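Chemist: below is the sequence, then the predicted model.
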Amino acid sequence: MVQDRINVLARRVPVWAVWLLALAPAVWTFYLGLTGGLGAEPIKALERELGEIALQLVILGLCITPLRRHLGVNLIRFRRAVGLLAFSYVCLHLLVWLVLDVQILAQIWADIVKRPYVTVGFSAFLLMIPLALTSNDLSLRRLGPRWRQLHKLTYGVAVLGAVHFIWLSKGFQIEPLIYLAVILGLLVLRWRPLARIRSA
Amino acid sequence: MAHRWINTLSDTDVTPEVAFLNRRQMIAGAAAGVGLSLMAQRARAETLEPNNWDDITTYNNYYEFGTDKGDPARNARTLTTKPWSVTIDGLVDRPGDYAFDEIMAKMTIEERLYRFRCVEAWSMVVPWNGFELADLLELAGVQSGAKYVAFETVLRPDEMPGVRYPVLDWPYVEGLRLDEALHPLTIMATGIYGRDIPNQNGAPLRLVVPWKYGFKSIKSVVRITLTDKEPPTSWNKANAGEYGFYSNVNPEVSHPRWSQATERQIGGGLFSSRVPTLMFNGYGDEVAGLYAGMDLKKNF
């Protein structure tokens, strides 16, 4: 079976390799920005690239349960790394926005409060903080069943992230809508009646 | 012709393109890139230096060729600009199709070094070549009933991959009040840095209205219609709450989704700072009078 082969292969991949692989684009994009490889306006390009990778990692994280449930592909041991990587990219995205893009403290606060797409994006970041803080064995043990409840916040984070992307786009653009559609699709797969199909 | 605008910037203000390339290479290559780009930034603010050719021709909004800033430079070469003609109709004495070559033969081409401020809060300085729109309109003879000028961009699905998507209601249309159109600052640009204007910048001729947000400066114009009613404009049709008919650069009126108080000058690199946006993009002395008594918050 294909999934068995994938599972065997996945067991051989160390988690640190996933970290290394996933952080490489951040380093590379920053390097490109420094050396003129991101075009005439490197700040926005860097900001956008980091944001998109964050959203892609959130989606990857959401794929792990349905992959196991519906296709028998088990990547669960990478899920924590994927979640923390997504949070890392959101932090970098936010940092670029704060330090390189806006720079002006008063305007940063005004943007967070007054600009809906910034508010939505910032809320997603805030919701990720408890998730990142509890992504360790100790918290998992201490929180018990509440850990699973807490980490359902991921669904909210994903939807807010996609809405953030749609909202900042000018005109009717397809790409951000595709992100939202994929996320909603992955959430629908978790809907109880559908999730039960596997066990039936 | 009597009201010709006198450029306060002379040719000596134009930094040769080569010098720009050198400086950018220095900035890109040096480990001290941070300090250098900060210095460059300061110099730019004081003397109004034009962006280099690469910045101007690779960082574009021309959604008919895609929504990414690099898409127009990648995709616009397919646009056929020869032959080209502009239909001038509506309330004019001599309506008809005006061939581009015929127009060029009659116009005086001059250099205009203008600030260019995009509604997305970035800006450039562009050394345009072109002629005053007023001169072109004179060719067609504006009738006394005309109050507005409507413009239309070419629409060629075969040559424009971006129009497959309903990002906007194609073709792209724009409009000006007649007095804005006749203002000596308003030009039809046909070149940049003395070369033919590249397709991604709106070849073979595009409007440039330097005190308004960039999207008003419609590209690759095929129709100019004189009318007595305010014409529809593309971004206003797409979202009337965000994009008004006037769209004058105004740091005090925010776009609903972002502030217009500051702007990012393109070409400053990864560590440049935003600079304050100027009322009417710095052309208040020349154009503020056009809007005397108007509430610019309401007529944004």
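Modeler: Yep, that arrived.
Chemist: make it CA atoms for all contacts and neighbour counts henceforth
Modeler: Will do.
Chemist: which single residue of the stretch 151-300 of chain B ends up nearest chain A?
Modeler: Evaluated by Cα to the nearest Cα, the stretch 151-300 of chain B has B:V167 as its residue closest to chain A, separated by 4.3 Å.
Chemist: so the nearest residue to that residue once chain neighbours are set aside versus B:F245, what's the distance?
Modeler: In this structure, B:V167 finds its nearest non-sequential neighbour in A:F172, 4.3 Å apart by Cα to Cα, 6 or more residues apart in numbering or on different chains. Between A:F172 and B:F245 the computed distance is 20 Å (Cα to Cα, to the nearest Å).
Chemist: so between those two, which is more surrounded?
Modeler: B:F245 (21 against 15; other Cα atoms under 10 Å in any protein chain shown).
Chemist: residues contacting the more buried one?
Modeler: Residues in contact with B:F245, defined by Cα atoms under 8 Å, 6 or more residues apart in numbering or on different chains, are B:175-176, B:233, B:236, B:299-300.
Chemist: let's go with 10 Å and repeat that
Modeler: Counting by Cα atoms under 10 Å, 6 or more residues apart in numbering or on different chains, B:F245 touches B:174-177, B:216, B:230-237, B:299-300.
Chemist: and what of B:G194?
Modeler: Contacts of B:G194 were listed using Cα under 10 Å, 6+ apart, and they are B:109-111, B:127-130.
Chemist: farthest pair within those residues?
Modeler: Greatest spatial distance among the contacts of B:G194 (Cα to Cα): B:I109 and B:P127, at 12.4 Å.
Chemist: overlap in contacts of these two?
Modeler: Residues touching both B:I109 and B:P127 by Cα under 10 Å, 6+ apart: B:189, B:191, B:194.
Chemist: a markdown table for these, including pLDDT and secondary structure?
Modeler: Compiled in a markdown table, these are given as follows (pLDDT from 0 to 100; DSSP: H, G, I helix; E, B strand; the rest coil):
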| residue | pLDDT | secondary structure |
| --- | --- | --- |
| B:A189 | 98 | strand |
| B:G191 | 98 | strand |
| B:G194 | 97 | coil |
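Chemist: number of nearby residues for B:T57?
Modeler: 19.
Chemist: quick check: it touching B:Y193?
Modeler: No - counting by Cα atoms under 10 Å, B:T57 sits too far from B:Y193 to count as a contact (11.1 Å).
Chemist: which one's more surrounded, B:I109 and B:P127?
Modeler: More crowded of B:I109 and B:P127, by other Cα under 10 Å: B:P127, with 23 against 18.
Chemist: that one pairs with what?
Modeler: B:L113 (DSSP bridges).
Chemist: dump the residue contacts of it.
Modeler: B:14, B:49-53, B:56, B:111-115, B:189, B:191-194.
Chemist: measure it to chain A for me?
Modeler: The spacing between B:P127 and chain A, counted by Cα to the nearest Cα, to the nearest Å, is 17 Å.
Chemist: tell me, what's the model's pLDDT at that residue?
Modeler: Turning to B:P127, the model gives it a pLDDT of 98.
Chemist: show me the contacts for B:K229.
Modeler: Listed by Cα under 10 Å, 6+ apart, the contact set of B:K229 reads B:146-150, B:177.
Chemist: okay if I get these as CSV plus secondary structure and pLDDT?
Modeler: Supplementary listing: these in CSV, determined by DSSP: H, G, I helix; E, B strand; the rest coil; pLDDT from 0 to 100:
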residue, secondary structure, pLDDT
B:A146, coil, 98
B:K147, coil, 98
B:Y148, strand, 98
B:V149, strand, 98
B:A150, strand, 98
B:R177, strand, 98
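Chemist: show only the entries of the contacts of B:F245 found in helices.
Modeler: When DSSP state H defines the helices, the subset of those inside them is B:234-237.
Chemist: buried members of those residues into ChimeraX, please.
Modeler: Per 16 or more other Cα atoms under 10 Å in any protein chain shown, the buried members of the ones in helices among the contacts of B:F245 correspond to this ChimeraX selection:
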select /B:234,235,236
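Chemist: please enumerate the helices of chain A.
Modeler: A:2-12, A:15-34, A:42-71, A:79-95, A:105-114, A:116-133, A:137-143, A:145-151, A:153-168, A:174-188, A:192-195.
Chemist: got a pLDDT number for the spatially most central residue of chain A?
Modeler: Within chain A, one residue has its C-alpha closest to the average C-alpha position: by Cα atoms, centre = their mean, that is A:V58, at 2.6 Å. Looking at A:V58, its pLDDT reads 98.
Chemist: now do the contacts for the residue nearest to it when sequence neighbours are not counted.
Modeler: Excluding the flanking residues, the one nearest A:V58 by Cα to Cα, 6+ apart is A:A86, at 5.8 Å. Residues in contact with A:A86 (Cα under 10 Å, 6+ apart) are A:22, A:50-51, A:53-61, A:80, A:92, A:128, A:132.
Chemist: could you rerun that using 6 Å?
Modeler: With contact taken as Cα atoms under 6 Å, 6 or more residues apart in numbering or on different chains, A:A86 is in contact with A:54, A:57-58.
Chemist: and if you look at B:D97?
Modeler: Applying Cα under 6 Å, 6+ apart as the definition, the contact partners of B:D97 turn out to be B:86-87.
Chemist: quick one: stretch A:22-32 near chain B?
Modeler: No - interface with chain B: stretch A:22-32 contributes nothing (Cα under 6 Å from any Cα of the partner chain), its closest point being 9.1 Å away.
Chemist: buried sites along that stretch?
Modeler: Here stretch A:22-32 shows A:22, A:26, A:29-30, A:32 as buried, counting by 16+ other Cα under 10 Å.
Chemist: and the contacts of it?
Modeler: Taking contacts as Cα under 6 Å, 6+ apart, the residues outside stretch A:22-32 that touch it are A:L38.
Chemist: where does pLDDT dip in chain A?
Modeler: Across chain A, the stretches falling below the confidence threshold (pLDDT under 70) are A:195-200.
Chemist: what residues does chain A put near chain B?
Modeler: If contacts are counted using Cα under 6 Å from any Cα, the residues of chain A sitting beside chain B are A:35, A:40-43, A:115, A:171-173.
Chemist: of these, keep whichever come out buried.
Modeler: Using 16+ other Cα under 10 Å as the burial test, the residues of chain A next to chain B include A:35, A:40-43, A:115, A:171 as buried.
Chemist: would TSV of the ones in helices among the contacts of B:F245 with pLDDT and distance to chain A be doable?
Modeler: Formatted as TSV, the ones in helices among the contacts of B:F245 follow (pLDDT from 0 to 100; distance: Cα to the nearest Cα, whole Å):
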residue	pLDDT	distance to chain A
B:S234	98	10
B:W235	97	8
B:N236	97	11
B:K237	97	10
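Chemist: any idea how far A:L143 lies from B:Y246?
Modeler: From A:L143 over to B:Y246 the distance is 58 Å, taken as Cα to Cα.
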